[in-house]
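Novice: All I have is the shape, not the residue letters:
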RNA sequence: AGAGGAGUGGCAGAGUGGUCGAUUGCGGCGGUCUUGAAAACCGUUGAACCGCGAGGUUCCGGGGGUUCGAAUCCCUCCUCCUCUGCCA
C-alpha cells in the first residue's frame, strides 16, 4: 500500500498519477487519508501523555513500596484508575482510526511511474519495441496449436478434465518433456544471470497474500484450501517476495535476486471467452519467475535489466516478440510500471502475453515491512520487482505453431540439450 | 497425532513482578597503537511511532488477560527441538 508520508510529501503528483488509472476523484480520497492520519497522530499524542503519567505513578509506587511507605503508595494507586480508563479508551479509538486508515489505503492502487500514459484498456498500451519478423505459414501447415497437440498427442485436455476439470491439461510424452526442458532452460539462464534458485511452497497463508497485494481485492482469483485457510499461489511472486517479509537488510546485501519454478493456479473467474482455446488460458500452468529486491535508486535500471533478460530468452527460442509499456488503465493494482512481453503466434495470428515485468517500488515492501539500512544508516523501504521468465503454455503454443512444417515441429536449437529430441512428429 | 522442552537485540546467551530496552560475549562501526595489517586496548552499536526540539510511547514468538507496575504470572495460538506413533 501507499505510504502516507509519500502522499503528504507530494499530494499533487499522487493525484496526477492516480488519475492515469482513471480514478474519479483521487483528491478526496487522499485528503481523507491525510485527515485520518492526522487524527491518528493526535490520539497517539494524547494516549502517550496519559500513559507517561501512569508510568510515572507506577514508578513512584515502586519507590514507596521499597521504602515501606505503603499508605502513600495506596493513595497514588487510587489516582491511577482514571488514567488507566482514559488510556484504554484512547487505545480503542486509536485502533479504530488506524484500522479505517489501513482499509482505505488497501483500496488505493500504486501511483504509476511518470512514464506511464493514461489509458482505458490494453488498446492504449504503448509498444516500445518489436523484435523478429513475423513468420508467414503456408496454407497447408497453419494449424493452431490446439490442433497440433491433438495431431501429435502431446497435450490432452479431455484427460485433464476427467481428472480435475477444464483448464487442467495433461502433458504427455514429448509434450511433458518439452515442459521439463523449458523449465530447466529458463532456470539455468536465470542462474547464469545471477539469480539464486529457490523452491518455495505453493500454498500461502493469508498474511502473505496481503503483503504482496493479492488480498484483499483478488481472493476470487485464487483457489482456497478452506480447511487450513491457505491459498494456492497464482504466481511464485507471492511466496518468493514473502521470503523477505519483516526483514531488515543491509545495503550491501542488495540486490537480492531469486528465481523459482512453480506451478501457478488461477480460477480465472469470468474471463473465459473466444480467445482462450487450447493453451491460451489455463487454471493450472507452469512458470519460472524472477524476483529482485533492490535499492530504490536502482530499481528502474533493474527493471530494464529484467526486461532484457526475458527478451534474451525469447530471442534464443527464436520467437518474434514485442514489448509493451502498459497504460494506467491496464496496469495491475500494485505496480508502478509494467512491461508486457508478447510473442507472435503464427497460426492464431495473435500476440500472446508470455511475461509481465513490473516494478512495485515501495507498494509491496510497505506491507511486507521489507526494509534496508542505507549508506548513512537510515532505514528505508526497499523496492520489489518481479517478472515471468517465462510462463510456459503460451511459449509452447507459439513454438508449436511457428515451427510447424510437413516434417513435424522443429525444436529450437537451444533446447536440444534439454530435450533429447529435435522433432515432434 | 501424543508426551516433554524451548522461543530474548545481527548471532550466542543471562535475566522469574518495580529505573530492564534489557548483564555479558561474538560480530559490526569509530578510534589509539602500527610503514600497513593482525593482535591488544578504548569507545560505540536494535526497531517502530509521535514531537521543531527537549523528550515521550510501544516492542523480549503472535494475540488476549491479571497488576499501580510484566521479558518475568495466567489463557490462547504459532514455530522449533527431543522422544513415541504414522507416512511420501
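Specialist: Everything's here; your move. These numbers were taken from a predicted model, which means no experiment stands behind them.
Novice: C-alpha only now, for contacts and for neighbours.
Specialist: OK.
Novice: Tell me which other helices or strands the one helix or strand in chain A whose mean pLDDT sits lowest touches.
Specialist: Least confident helix or strand, chain A: strand A:248-250 with a mean of 85, by mean pLDDT, DSSP states H and E. When contacts are defined as 3 or more C-alpha pairs under 8 Å, 6 or more residues apart in numbering; DSSP states H and E, strand A:248-250 sits against strand A:371-373.
Novice: ok, the very next helix or strand once past the strand it packs on near RNA strand B or not?
Specialist: Once strand A:371-373 ends, the next helix or strand along the chain (criterion: DSSP states H and E) is strand A:379-381. Yes. Part of strand A:379-381 sits near RNA strand B under the criterion C-alpha under 7 Å from any atom of the strand, namely A:379, A:380.
Novice: quick revisit: other residues contacting the very next helix or strand once past the least confident helix or strand of chain A?
Specialist: For strand A:248-250, the following helix or strand on the C-terminal side (DSSP H and E) is strand A:256-265. Contacts to strand A:256-265, defined as C-alpha atoms under 8 Å, 6 or more residues apart in numbering, come from residues A:183, A:187, A:190-191, A:194-200, A:202, A:222-223, A:232-236, A:240, A:283-294.
Novice: Out of those, which end up buried?
Specialist: Buried members of the contacts of strand A:256-265, scored by 16 or more other C-alpha atoms under 10 Å, are A:183, A:187, A:190, A:195-197, A:200, A:202, A:222-223, A:232-236, A:240, A:283-294.
Novice: and those, which of them are in helices?
Specialist: Within those, residues falling in helices by DSSP state H are A:183, A:187, A:190, A:240.
Novice: Out of the residues you listed, flag the one nearest to residue A:91.
Specialist: When those are compared for distance to residue A:91 (C-alpha to C-alpha), residue A:240 wins out at 35.5 Å.
Novice: Apart from its neighbours in sequence, what residue is nearest the closest one?
Specialist: residue A:200 (6.5 Å; C-alpha to C-alpha, 6 or more residues apart in numbering).
Novice: Which pLDDT value belongs to that neighbour?
Specialist: Predicted confidence (pLDDT) at residue A:200: the value is 92.
Novice: again, but for residue A:270
Specialist: On the pLDDT scale, residue A:270 is placed at 66.
Novice: I'd like the distance from stretch A:370-381 to the chain centre, please.
Specialist: The gap between where stretch A:370-381 is centred and where its chain is centred comes out at 22 Å by C-alpha atoms, centre = their mean, to the nearest Å.
Novice: again, but for stretch A:30-43
Specialist: Here stretch A:30-43 is found 28 Å from its chain centre; the criterion is C-alpha atoms, centre = their mean.
Novice: Give me the residues contacting that stretch.
Specialist: A:4, A:7-8, A:11, A:15, A:90, A:93-94, A:97-98, A:100-101, A:104-105.
Novice: Quick one: list the elements packing against the helix or strand hosting residue A:385.
Specialist: Element membership of residue A:385, judged by DSSP H and E, is strand A:383-391. Applying 3+ C-alpha pairs under 8 Å, 6+ apart, we find strand A:383-391 packed against strand A:284-294, helix A:299-316, strand A:350-361, helix A:363-368.
Novice: following the second one, which helix or strand comes up?
Specialist: On the C-terminal side of helix A:299-316, the closest following helix or strand by DSSP H and E is strand A:321-325.
Novice: What pairs with that following strand, parallel or antiparallel?
Specialist: Strand A:321-325 pairs in its sheet with strand A:126-131 (antiparallel), strand A:337-345 (antiparallel), by DSSP bridges.
Novice: Which among those is found nearest to RNA strand B?
Specialist: Proximity to RNA strand B, assessed across the strands paired with strand A:321-325 by C-alpha to the nearest atom of the strand, is greatest for strand A:337-345 (24.8 Å).
Novice: quick check: mean pLDDT across that closest one?
Specialist: Mean per-residue pLDDT for strand A:337-345: 97.
Novice: picking that back up, what does the least confident helix or strand of chain A contact?
Specialist: A:370, A:371, A:372, A:373, A:374.
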